[in-house]
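Asker: here you go, sequence then predicted model.
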Amino acid sequence: MFEGGVEVRVLVVDDSPVDRRVVEGLLKRSGSMFQVIAVDSGKRAMEVLGLTEGKEAEQPTVYDPKIDIILTDYCMPEMTGYDLLKAVKEQSCRKPIPVIIMSSENEPQRISRCRAIGAEDYLLKPLQTNDVLRLRDYVRPTALSPKTGTKRKIAIEMMAENSGSERRPCLAGLAVA
Amino acid sequence: MSLMALREQLNMLLNSMYIEGLLDQQFQQLQMLQDASSPGFVAEVITLFCEDAERILTELTKLVDQAVVDFQKVDAYVHQLKGSSSSVGAQNVKLACIQFRQFCEENNKVGCLNALNVVKHHYYLLRNKFDTMLQLEQRIQAYDSKQQN
């Protein structure tokens, strides 16, 4: 039981049921700070976030997707992780949501491409416990409920982008294409 | 068979799977994620993997059997299988998928046909061992439940 802390609401987006379950398991095992919502496509992610693809006029008056961080696979059919990243970042003027890309491919061009449009990090699959713990560094929850039950606004400084483990490709330090 | 004998059998099975290259250390990561709050985690992930793998192998069999092979589609499926096998620690399946993708890149139909057979071989070998493993775990859990009662 996570006491006296805050919950981080993670939206996990992956078309692989195996990977969704493994990432969910990793997040939950890393501490009850993570509340996980897992969906199988970019389109479903957009629905959860309250975003309509490419239609600004239909945005809700109050944009409050209730997600603190998005962890999305890169390679997905129809709407890729890159497409989702782009859509989310286009909305970020209202409420910035960190987006972390996951991929089994360690491709510098792909990493640069994601970084160029605002991805906070790029993690190699299969994810490890250290990767998941890093997610906390990117979160800026604005209205979270501590497990003790008292609602309060919390501002947490976003850590510098240069955190990361040695073996994972870190976006910092890579030349942007 | 006694509880100790069952546990020993399970350990021997797992060790052999690592030695033979069926599993790599990613599987240990999965085991570490299993705890009292998620007691069936490994079994759940294995089941998901097997369902997903068999779905993909069925699609691949159809695609590679075509007169004109859509190598992009084939590659997409192999990529998926490579990903899920990597996530569960299914090493030989993963390596076979990597080889398979090479043949896709070369638009090599014969290579793809052979590679598919290799993937199937490794997958069904692994599945049989997983089945045995899960049966042993169930028997151990049944023993443990009996002892607690």
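Answerer: That came through fine.
Asker: just want the most central residue of chain B.
Answerer: With distances taken as Cα atoms, centre = their mean, the residue of chain B nearest its centroid is residue B:90 (4.8 Å).
Asker: contacts for stretch B:46-66, please.
Answerer: The contact list for stretch B:46-66 (Cβ atoms under 8 Å, 6 or more residues apart in numbering or on different chains) reads A:16-18, A:21, B:69-70, B:73-74, B:77-78, B:80-81, B:84-85, B:87-88, B:90, B:93, B:109, B:112-113, B:116, B:119-120, B:123, B:127, B:130, B:134. C-beta coordinates here come from the backbone N, C-alpha and C atoms, glycine included.
Asker: do stretch B:71-82 as well
Answerer: Looking at stretch B:71-82 with Cβ under 8 Å, 6+ apart, the contacting residues turn out to be A:15-16, A:75, A:104, B:52-53, B:56-57, B:59-60, B:63-64, B:93-94, B:97-98, B:100-101, B:104-105, B:107, B:112, B:119.
Asker: give the burial count for residue A:47, as a bare number.
Answerer: Residues near residue A:47, counting by other Cβ atoms under 10 Å in any protein chain shown, number 12.
Asker: ugh, typo on my part, it should be residue A:9
Answerer: So residue A:9, with other Cβ under 10 Å, has 19 neighbours.
Asker: that one belongs to a strand, doesn't it?
Answerer: Yes: judged by DSSP: H, G, I helix; E, B strand; the rest coil, residue A:9 forms part of a strand.
Asker: I'd say it and residue A:66 touch.
Answerer: Yes: under the criterion of Cβ atoms under 8 Å, residue A:9 makes contact with residue A:66 at 6.2 Å.
Asker: okay, and the beta partners of residue A:13?
Answerer: Beta bridges link residue A:13 to residue A:39, residue A:72 when assigned by DSSP bridges.
Asker: give me the phi and psi for residue 28.
Answerer: No chain in the question, so chain A it is. Dihedral pair for residue A:28: phi -70, psi -30, per degrees, to the nearest 10.
Asker: chain B is the one I meant
Answerer: According to degrees, to the nearest 10, residue B:28 has phi -60, psi -40.
Asker: quick one, what contacts it?
Answerer: residue B:89.
Asker: just residue B:35 next, same as before
Answerer: Residue B:35 sits in contact with A:29, B:41, where contact means Cβ under 8 Å, 6+ apart.
Asker: mind checking pLDDT for it?
Answerer: In this model, residue B:35 is scored at 88, pLDDT.
Asker: that one pairs with what?
Answerer: Going by DSSP bridges, residue B:35 forms beta bridges with residue B:38.
Asker: and it, how far is that from residue B:147?
Answerer: 20 Å (Cβ to Cβ, to the nearest Å).
Asker: how many residues are close by residue 98?
Answerer: All of this refers to chain A. Other residues near residue A:98 number 21, with proximity taken as other Cβ under 10 Å.
Asker: my question was about chain B, not that one.
Answerer: Residue B:98 sits with 14 neighbouring residues when counted by other Cβ under 10 Å.
Asker: where does it land in three-state SS?
Answerer: Classification of residue B:98 using three-state DSSP returns helix.
Asker: give me the low-pLDDT residue ranges for chain B?
Answerer: Scanning chain B with the threshold set as pLDDT under 70 gives B:149.
Asker: what does residue 16 show for phi and psi?
Answerer: In the absence of a named chain, chain A is used. phi -90, psi 120.
Asker: and chain B, which residues reach chain A?
Answerer: With Cβ under 8 Å from any Cβ of the partner chain as the criterion, chain B meets chain A at residues B:26, B:29-30, B:32-33, B:35, B:37-38, B:41, B:44-45, B:48-49, B:51-52, B:79-80, B:82-84, B:86-88.
Asker: ok, 10 Å please
Answerer: B:26, B:29-30, B:32-35, B:37-38, B:41-42, B:44-53, B:55, B:76, B:79-89, B:94 (Cβ under 10 Å from any Cβ of the partner chain).
Asker: okay, now the nearest residue to residue B:109 once chain neighbours are set aside: neighbour count?
Answerer: With sequence-adjacent residues excluded and distances taken as Cβ to Cβ, 6 or more residues apart in numbering or on different chains, residue B:109 is closest to residue B:69, at 5.2 Å. By other Cβ under 10 Å, the residues close to residue B:69 number 17.
Asker: show the contacting residues for residue B:69.
Answerer: For residue B:69, the contact set (Cβ atoms under 10 Å, 6 or more residues apart in numbering or on different chains) comprises B:63, B:104, B:107-109, B:112-113.
Asker: of all these, which two lie farthest apart?
Answerer: B:63 and B:108 (14.1 Å; Cβ to Cβ).
Asker: which of the two has more residues huddled nearby?
Answerer: Between residue B:63 and residue B:108, residue B:63 has the larger neighbour count (other Cβ under 10 Å), namely 19 against 15.
Asker: in the longest helix seen in chain B, what counts as buried?
Answerer: Ordering each helix of chain B by length in residues (DSSP state H) puts helix B:109-148 first. Neighbour counts using 16 or more other Cβ atoms under 10 Å in any protein chain shown place B:109, B:111-112, B:115-116, B:118-120, B:122-123, B:126-127, B:129-130, B:133, B:136-137, B:139, B:143 of helix B:109-148 among the buried residues.
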